[in-house]
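Trainee: next input, structure requested:
(one chain, ligands or ions: 1)
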Amino acid sequence: MANVTKEKWDPALTRLLSSLQQSSNSPSTDEELRFLSNLLQSKELHALVNVHNKIITNGASDKFYPMLSTSMEILSDVLEDLVRVPYASPDCEELFYLLQKPHLQGLLYSHDSVAQKDYYPHLPEIPRDNEEEEEETVKIVQLVKSNEPLAGAQNAEPIVGATIKTDEATGKIVIARVMHGGAADRSGLIHSGDEVVEVNNINVEGKTPNDVLQILQNSEGTITFKLIPADGKGGPRESKVRVRAHFDYDSSIDPYIPCKEAGLDFKKGDVLHIVSQDDAYWWQARREGDRNMRAGLIPSRALQERRIIHDRTQTDKNEDGLCSSTALPGVTCRPKSPKTKKIIYDIAENEDFDREQIPTYEEVAKLYPRPGVFRPIVLVGPPGVGRNELKRRLIDTDPGKYRTPTPFTTRSMKPGEENGKEYFFVERPDMEKDIEAGKFIEYGEYKGNLYGTSAESVKSIVAAGKVCILNPHYQALKMLRVPELKPYVIYVKPPDLETLKETRNAHHARSTFDIHNSRGFTDDEFNDIIKAAGRIEFLYEHLFDETITNTDLAMAFSQLSSAANRLETEPLWVPASWVQ
Ligand SMILES: Nc1ncnc2c1ncn2[C@@H]1O[C@H](COP(=O)(O)OP(=O)(O)OP(=O)(O)O)[C@@H](O)[C@H]1O
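Mentor: Okay, the predicted model is just below:
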């Protein structure tokens, strides 16, 4: 006890020291005993033990005990409850506003991190001297073999949640990839790049991945790996990115996926949680809300973009200009029949060949509804499909709540018309100036007069606390789908041609291609609806939040009502940039 006074000495250290002094007949050398004795009496160790004891004592005190560690979950539950309150009091509204403040959410997030002790620092590697560097550290990891069926397994991934390969440079068997949430990942001990030395005491030197797979398949229960850790690993960090997929993916028919069993299939519109983007070509993801913890491989944005560009180039090579049913569904080389229909909101036709965008994944985030602030509902679809009818029916349910923007026109007012009722009547130069300044979400010319809808009129309906519903030309989508307006886009889709004809004829539907709506649809017009639908889907499908197939009018309307209700009550996925 040379260095410290006895009364401050930790009892555990005292006991250790006296048992060390009594173990004179131990096999250790004098030098080792002296080293241990000095260490146990050193000031540094004493200080460390003191700090440790203080933390333990304070940690045990009620004063520092967190009441809960999930305040963020409670916050989101409260937000969801608040949005369901039909007529929120000012207190509720204020609470709703406060709970969405980033600072408050940041505070609660930090609180939960501390309460969950999620704060251990990532210490830098301890520098090792040369002698140690030459030694190879070996780790022994035991995993319980997965119960998943192995039929058809070409790879170790279904067995232990990791894939293996032969390292090209060294010829050794290494861990190629660790799947998020799989057995290897959950162990936290296996990382990509680790060299596999033994599996169940069998040396794998000189063996192929298939040989190792055989060993794994023949093993029962626990599998023991002897591994040499890769340099500079740290394991992939889980990201919080959510994306909406704009294409279908079926890993079983993807010839390039490095491991078919590890693929994650998804459908257009699915929201995916991207857990790792470490690999430039293969991301790891889970389907949002999927309880299956294991992540799967999906093509990265870069890879998918390349594929789409490649496919398009191939298609363009094989096709003659735009007259390609593969390139652009619904467009054929038939000469255009003369149209009798009024064309009011039709911006130049060629503008809709907008194939610049390559829809792969869109980053999304949840938008919570705010009491009294309603997202505009936008109905897009081919002319004649029934958007006006659906809009009119929704407005009829509550004309005080649902409003459609009043269009602007440069034509002169007719007797009986009121400015601001049917139209806002404006002078042509003024309207042209506003069109030039991008203030109109859509506009067009008919019989020498301009007609159009301004973004401002949509905003003013939202600002008045009403639900704006509009059915613009589909080309207006680009102007409408912006953070200031946050529209909910519903695509009104026609049923197949035969059903379209049957339902419309049975209900004596009026053709919107006829200026007076005085007759039914002709066969050519039904065909045009189907073709326009194909074109709209091809160009704009990635911008739709929902699709309503307008077969039976009552059912289509009921789907529209539920969508309107959901918008007011449920948090929904929107482009991430709208939420920041
Ligand atoms: N599901 C349906 N079954 C039968 N008739 C329908 C159905 N949906 C709409 N209609 C009828 O079809 C006709 C055209 O509908 P509507 O005017 O709503 O088309 P629209 O999509 O607004 O067309 P446009 O954009 O050219 O004005 C109307 O007579 C309407 O009542």
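
Trainee: so what does E568 look like in phi/psi?
Mentor: Backbone torsions of E568, given as degrees, to the nearest 10, read phi -80, psi -20.

Trainee: okay, it: pLDDT?
Mentor: Note for E568: predicted pLDDT of 91.

Trainee: again with H122
Mentor: 48.

Trainee: so, low pLDDT: which residues of the chain?
Mentor: When residues are selected by pLDDT under 70, those of the chain lie in 1-8, 23-28, 59-65, 117-136, 146-158, 231-239, 291-293, 315-357, 580.

Trainee: which bits of it sit near the ligand?
Mentor: Within the chain, the positions lying close to the ligand (Cβ under 6 Å from any ligand atom) are 381, 383-389, 471, 503-504, 507, 509-510, 512, 550, 552-553, 556. Where you see a C-beta, it was placed from the backbone N, CA and C, and this is true even at glycine.

Trainee: what's the local residue count around the residue in the stretch 1-150 of the chain positioned nearest to the ligand?
Mentor: Residue nearest to the ligand within the stretch 1-150 of the chain: P86 (30.2 Å; Cβ to the nearest ligand atom). P86 is flanked by 7 other residues according to other Cβ atoms under 10 Å.

Trainee: what's the helix or strand for it?
Mentor: Assigned by DSSP states H and E, P86 falls within no helix or strand.

Trainee: just to revisit the earlier point, out of the residues of the chain next to the ligand, which are buried?
Mentor: The neighbour count (16 or more other Cβ atoms under 10 Å) marks 381, 383-387, 389, 471, 503-504, 509-510, 512, 550, 556 as buried among those.

Trainee: can you flag which of those belong to helices?
Mentor: R387, E389, T503, R504, A556 (DSSP state H).

Trainee: in these, find the pair that's most separated.
Mentor: Maximum pairwise distance in those, criterion Cβ to Cβ, is 15.3 Å, between R387 and T503.

Trainee: what ranges do the helices span in the stretch 351-500 of the chain?
Mentor: 387-397, 428-436, 455-463, 477-480, 497-506 (DSSP state H, counting those that start in this stretch).

Trainee: out of the ones you listed, flag the one nearest D91.
Mentor: D91 sits nearest to helix 455-463 of all the helices of the stretch 351-500 of the chain, at 22.8 Å, using Cβ to Cβ.

Trainee: buried sites along that closest one?
Mentor: Buried residues in helix 455-463 (16+ other Cβ under 10 Å): A455, S457, V458, I461, V462.

Trainee: can you tell me how far V83 is from Y491?
Mentor: Separation of V83 from Y491 (Cβ to Cβ, to the nearest Å): 25 Å.

Trainee: and the two? which has more neighbours close in?
Mentor: Neighbour count, other Cβ under 10 Å: between V83 and Y491, Y491 has more, with 25 against 18.

Trainee: got a list of what the more buried one touches?
Mentor: Listed by Cβ atoms under 8 Å, 6 or more residues apart in numbering, the contact partners of Y491 are V380, G381, I536, E537, Y540, E541, F544, E546, T547, I548.

Trainee: of those, which belong to strands?
Mentor: Among the contacts of Y491, DSSP state E puts V380, E546, T547, I548 in strands.

Trainee: could you give the number of residues near the second one?
Mentor: So that's E546. 18.

Trainee: quickly list what the residue lying closest to it once chain neighbours are set aside is bridged to.
Mentor: In this structure, E546 finds its nearest non-sequential neighbour in I490, 5.0 Å apart by Cβ to Cβ, 6 or more residues apart in numbering. Counting by DSSP bridges, I490 forms beta bridges with L379, E546.

Trainee: what's T163 sitting at in phi/psi?
Mentor: According to degrees, to the nearest 10, T163 has phi -110, psi 150.

Trainee: so it touches I175, yeah?
Mentor: Yes. Here T163 lies in contact with I175, judged by Cβ atoms under 8 Å, at a distance of 7.5 Å.

Trainee: quick one: contacts for I548?
Mentor: By Cβ under 8 Å, 6+ apart, I548 lies in contact with L390, I490, Y491, V492, K493, A556, Q559, L560, A563.

Trainee: ok, so of the residues you listed, who is nearest F96?
Mentor: A563 (22.2 Å).

Trainee: that closest one is in what secondary structure piece?
Mentor: helix 553-569.

Trainee: what packs against that helix?
Mentor: helix 71-84, strand 377-380, helix 387-397, strand 488-493, strand 546-549 (3 or more Cβ pairs under 8 Å, 6 or more residues apart in numbering; DSSP states H and E).

Trainee: alpha carbons of that helix, in PDB - could you do that?
Mentor: In PDB, the C-alpha atoms belonging to helix 553-569 read as follows (Å, rounded to 0.1, in the frame of the first residue of the first chain):
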ATOM      1  CA  LEU A 553     -69.200   5.100 -60.200                       C
ATOM      2  CA  ALA A 554     -70.500   4.500 -56.700                       C
ATOM      3  CA  MET A 555     -67.500   2.400 -55.800                       C
ATOM      4  CA  ALA A 556     -65.000   4.900 -57.300                       C
ATOM      5  CA  PHE A 557     -66.700   7.700 -55.300                       C
ATOM      6  CA  SER A 558     -66.500   5.700 -52.100                       C
ATOM      7  CA  GLN A 559     -62.800   5.200 -52.600                       C
ATOM      8  CA  LEU A 560     -62.400   9.000 -53.200                       C
ATOM      9  CA  SER A 561     -64.300   9.800 -50.000                       C
ATOM     10  CA  SER A 562     -62.100   7.400 -48.000                       C
ATOM     11  CA  ALA A 563     -59.000   9.000 -49.500                       C
ATOM     12  CA  ALA A 564     -60.200  12.400 -48.500                       C
ATOM     13  CA  ASN A 565     -60.900  11.200 -45.000                       C
ATOM     14  CA  ARG A 566     -57.500   9.500 -44.700                       C
ATOM     15  CA  LEU A 567     -55.800  12.700 -45.800                       C
ATOM     16  CA  GLU A 568     -57.200  14.500 -42.800                       C
ATOM     17  CA  THR A 569     -56.500  11.800 -40.300                       C
END
